[in-house]
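Visitor: how would this look folded up:
(chains A, B and C)
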Amino acid sequence: MLTIPIETQILFAGILFFLGLIGLLVRRNMIFMLMSIEIMLNSAGLVFIIAGNHWKQPDGQVMFIFILTVAAVEVAIGLALILQVYHHYKTLDADAVNKLRDQNSK
Amino acid sequence: MSSESLILFFIVGAVFVGAVLIFSSLVPPKSKNPQKSEAYECGIPTTGITWLQFNIGYYLFAILFLVFDVETVFVFPWAVVMKELGMIAFVEIIIFFVILGLGLLYAWKKHALIWE
Amino acid sequence: MGLEQYLLMRHELVLTLITLIILIAELCIKGDNSRKIRPFAIILFFIATVVGFLPLGEGSLFGGMFQTNGMILIMKNVLNIGVLIIFIQSYTWLGNEENKIKVSEFFLLMLSTLIGMDFMISSGDFLMFYIGLELATIPIASLAAYERTKTKSAEAGIKLILSSALSSGIMLYGISMLYGTTGSIYFSEVAKSLHSSNLQTLAFIFFFSGMAFKISIVPFHLWTADVYEGAPISVTSYLSVISKGAAVFIFVIMLFTVFRAMTAMWQDVLYITSVLTMTIGNLFAMRQKNLKRFLAFSSISQAGFIFLGMIGGNELGMTSVVYFMLIYIFSNLGAFGVVSAIANRTGKENRDDYDGLYLTNPKLSLLMMIALFSLAGIPPVAGFFGKFFLFTAAAKGGFYMLVLIGVLNTIISLYYYLLVVKAMFINKSETPIQYFKSDGYTRLGLIICFAGIVFTGLFSFVFEYIRVYAFGV
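Guide: Have a look, this model is predicted:
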C-alpha cells in the first residue's frame, strides 16, 4: 500500500492554512472571507487527523468532528450577519463597511 | 518527526503559496479582450449578473438543514457503539435530540418553516 | 459511579436548565408578551447565582475532560455576578418598543455564552476548551448585531464574527500542532511532554494570538473599538467584562499548568505585549470623544495591566488577577451603567454631552466618578488595591522595570479618566443633560456596582478568600 510520508501531509495542511490566510487578507468580498476562514479551520482539522493517525489515536478524528460542527455554526451565523450587512450597505465589499471608525483620524 | 524539518515545511508552505500567487500574476500574457472575462469564453453570452438574488427562504431552509445534517455526524458514531455504551449514552443522546427538537420548535414558532 | 458525580458541573447544569426553561417559556408565550420574560429570567438567574456559592468539592469528569476546583468555582461565581448585573442593567433597554419581539433571545444567547465560558474555564482538554470557547464567542456576534435597524450594529456583528473566526482558526492550528508534537489533547499529558522545541514554541505563539484576540491584547486589538461602539451597550459591557474575564481566567490557568515547561518563553511574550497594550491602549483612549470607544480603549489598557499579574507566575499573581477582575467587573459595569442610563434617556454618548452633569444629575455623576477612579486606581477606591496587588505580584517575580512602566501608564491613564470627571464637575454647559429619574432596575444595577466597588475595596477577606485556592507555576 502506498503511504504518503507525514511531512508531505503536514506540508499540505500548511499550504492549505496559508491559502486560507492569504485569501482572507486579499479578498474583499465578505462571503469569500468567510470561505477562507473555513479553509483555515479545515486545514487545522486536517492536521488533527494526520496527527491522530500518526499517534494511532481516535482523538484527532473526534476533534475533527467537533471542528466540522463549529465551522458549520460559524458559517450559519456569519451568513446571517452578512445578509444583515448587505441589507444596510447594499454591498459585500469589506472596505465599504466602515461607518465605525476613529472620528479623530481623518 | 523532528520539529526543525516541520518548521522548514511550514515556511516552505508559506513561501510556496506566496510565490505561486506572485508568479501567476507576473507570468501569463495579459489580454484586455472583454470576452476574456466572461464566464463561458466560447459559449453563449450569459445574461444578467452572477450575484443573483436568491429568495431568502432558501437560506433559512439551508440553515435548518445544516443543523440536522451535522447532527448525523454525532448520531452515527453513537449508533455504531450503542450497545456497548448502554443506558447512560442513550439518555445523553435523547437529551441531545430534545435540545435540537426545541430548536426546531423555535424555528416553527418564528414562522421560519413557512415558504414565503 | 453514581449520578451525584455530575453535581461537579452544577454551574453548567443549572445554567442549561435555565436556558431551556426560558426557551420553553418563549415557545409557550403567545403574541407580544415576551417582555414578561425579563423579571422571570432575572429571578431565575439570581437563584442560579446564589446556588453557585454553595460549597463544592474538587474533581474531574469524563476521563479528565472536565475538571473543577475551588479556584475555578470562584471564577465562575465572579462571572455569574457580572452577568446578573448586566441583566439588571439591560432591563429597561429591553423594554423598548423595537426590542419587544426578541427579548428572550437576548437572555438565551447571553446564557449560552455563559455556559460556554463555564465549560471553557473548567476544561481539562483542548476539545472541551475549544467547544467552550466557540460557544462563548459565536452567540456574542449575533448579540452585537442585536439592533437590526441600526447600521452600526450590523457592522459590529460582522466585524466580530470575522475577527473571532479568524482568531479561533489560528488558535486551532496552534492546538493541532501541540497535538501533533505531544500526542495528547489532555492538559495534564500535554504539560508533561512539552519541552520548548521550535514547533511547540510556534504552536504556543499561534495559541497566544488566538487568546490575545479574545482578551484584545495590542497587536490583535483592532476589532475592539469598532465592535464596542457599534454593539448595544449591554453587549458592549458584556464583551468588555465577562468575555474578557473568562478568557483571562482560562489563560492564566493554562499558562500556569499546561505551558508550565515554557515559563521563561511565555514570560518574554507577556512582557512585550503587556507594555505595548498598556501604552497603546492609553494613548488611544486619550483621543476618544465617544464614551463607548473611550471605555473600549481603557479596557484594552486594563488588559495590559492584568498581564502584570500573570507574568510572575506565582500564586499571588493568580489571586491578584482574579481579585482585579472582580473589581474591574464592578467598576466597568458601573461606568457602562451610567453611560447606558444616559444613552437610554437622551441618546447622548459623547464626552462633551456630559458637561455640567453634576449640577443636573449629581448621583449619576458621583457614581461615574467613583467607577472611573476605581478603573484608574486612585487610593481610597477598590481599583487601587487591585492594581497594587498586580504590581506586587510582578515585582515578586522580579520584573521591576515592567512595574515601573505600569506605574507610569497608570499616571497617564489618570489624565483621561479625569477628563471625563472634569467634564461632569467643572465644565459649564448651556444645554446640560436634564435631570431625570431612573427606574428601579437601572438604579438597582448601579447600586450593586457601587456597593461592589466599596465592599471589595474595604474588606480584605475577599482577597484572602481567593488566595486560599490560588496556585502558582
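Visitor: which other residues reach the helix or strand where B:Phe90 lies?
Guide: Assigned by DSSP states H and E, B:Phe90 belongs to helix B:87-109. With CB atoms under 8 Å, 6 or more residues apart in numbering or on different chains as the test, helix B:87-109 has contacts from B:60, B:64, B:67-68, B:71, B:74-75, B:78, B:81-82, B:113, C:20, C:23-24, C:26-27. (Each C-beta comes from the backbone N, C-alpha and C, glycine too.)
Visitor: make it 10 Å
Guide: The contact list for helix B:87-109 (CB atoms under 10 Å, 6 or more residues apart in numbering or on different chains) reads B:60, B:63-64, B:67-68, B:70-71, B:74-75, B:78-79, B:81-83, B:85, B:112-114, C:1, C:3, C:16, C:19-20, C:23-24, C:26-30, C:104-105, C:108.
Visitor: mind listing what's buried in it?
Guide: B:93, B:102, B:106 (16 or more other CB atoms under 10 Å in any protein chain shown).
Visitor: can you redo those residues as JSON lines with distance to C:Phe256 and pLDDT?
Guide: As requested, these are exported to JSON lines (distance: CB to CB, whole Å; pLDDT from 0 to 100):
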{"residue": "B:Ile93", "distance to C:Phe256": "36", "pLDDT": "89"}
{"residue": "B:Leu102", "distance to C:Phe256": "39", "pLDDT": "89"}
{"residue": "B:Tyr106", "distance to C:Phe256": "41", "pLDDT": "88"}
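Visitor: who are the neighbours in contact with C:Ile205?
Guide: Here C:Ile205 is in contact with C:170, C:174, C:265-266, C:269 (CB under 10 Å, 6+ apart).
Visitor: got the confidence number for it?
Guide: On the pLDDT scale, C:Ile205 is placed at 90.
Visitor: that one: helix or strand, and which one exactly?
Guide: With DSSP H and E as the test, C:Ile205 turns up in helix C:198-215.
Visitor: how close does the residue positioned nearest the centre of chain C get to chain A?
Guide: What sits nearest the mean C-alpha location of chain C, by CA atoms, centre = their mean, is C:Val241, with 2.4 Å. Applying CB to the nearest CB, to the nearest Å, the value for C:Val241 to chain A is 20 Å.
Visitor: who's in contact with that residue?
Guide: C:78-79, C:82-83, C:85-86, C:299, C:325, C:328-333, C:336.
Visitor: ok, and of the residues you listed, which contact chain B?
Guide: Here nothing survives when the contacts of C:Val241 are matched to chain B using CB under 10 Å from any CB of the partner chain.
Visitor: so the residue nearest to the centre of chain C sits in a helix?
Guide: Yes: according to DSSP: H, G, I helix; E, B strand; the rest coil, C:Val241 belongs to a helix.
Visitor: what is the neighbour count of the one residue in the stretch 351-473 of chain C that gets nearest to chain B?
Guide: Residue nearest to chain B within the stretch 351-473 of chain C (CB to the nearest CB): C:Val473, separated by 23.5 Å. For C:Val473, the neighbour count with other CB atoms under 10 Å in any protein chain shown is 18.
Visitor: so the nearest residue to it once chain neighbours are set aside: helix, strand or coil?
Guide: Distances taken as CB to CB, 6 or more residues apart in numbering or on different chains place C:Gly313 nearest to C:Val473, at 3.9 Å, with adjacent residues excluded. Following three-state DSSP, the label given to C:Gly313 is coil.
Visitor: and C:Gly313, backbone torsions?
Guide: The phi/psi pair for C:Gly313 (degrees, to the nearest 10) reads phi 70, psi 20.
Visitor: touching, it and C:Gln267? I think so.
Guide: Yes: with contact defined as CB atoms under 10 Å, C:Gly313 reaches C:Gln267; the gap is 7.1 Å.
Visitor: any shared contact partners between the two?
Guide: In contact with both C:Gly313 and C:Gln267: C:255, C:397, C:473, using CB under 10 Å, 6+ apart.
Visitor: right, and the last one touches C:Thr257 too?
Guide: Yes: under the criterion of CB under 10 Å, C:Val473 makes contact with C:Thr257 at 8.5 Å.
Visitor: gap between the spatially most central residue of chain B and chain A?
Guide: In chain B, the centroid-proximal residue (CA atoms, centre = their mean) is B:Leu66; its distance is 9.4 Å. From B:Leu66 across to chain A, the span is 5 Å (CB to the nearest CB).
Visitor: contacts for the helix or strand hosting that residue?
Guide: Assigned by DSSP H and E, B:Leu66 belongs to helix B:56-80. Helix B:56-80 has contacts (CB under 10 Å, 6+ apart) with A:58, A:61-62, A:64-66, A:68-73, A:75-77, A:79-80, A:83, B:54-55, B:82, B:85, B:89-90, B:92-93, B:96-97, B:100, B:103-104, B:107, B:110-116.
Visitor: can you turn the buried part of these into a PyMOL selection?
Guide: Remark: buried members of those, expressed as a PyMOL selection using 16+ other CB under 10 Å:
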select buried, (chain A and resi 64+65+66+69+70+71+72+73+75+76+77+79+80) or (chain B and resi 93)
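Visitor: burial of B:Pro28, as a residue count?
Guide: When neighbours are counted by other CB under 10 Å, B:Pro28 registers 8.
Visitor: many thanks, I have nothing further to ask.
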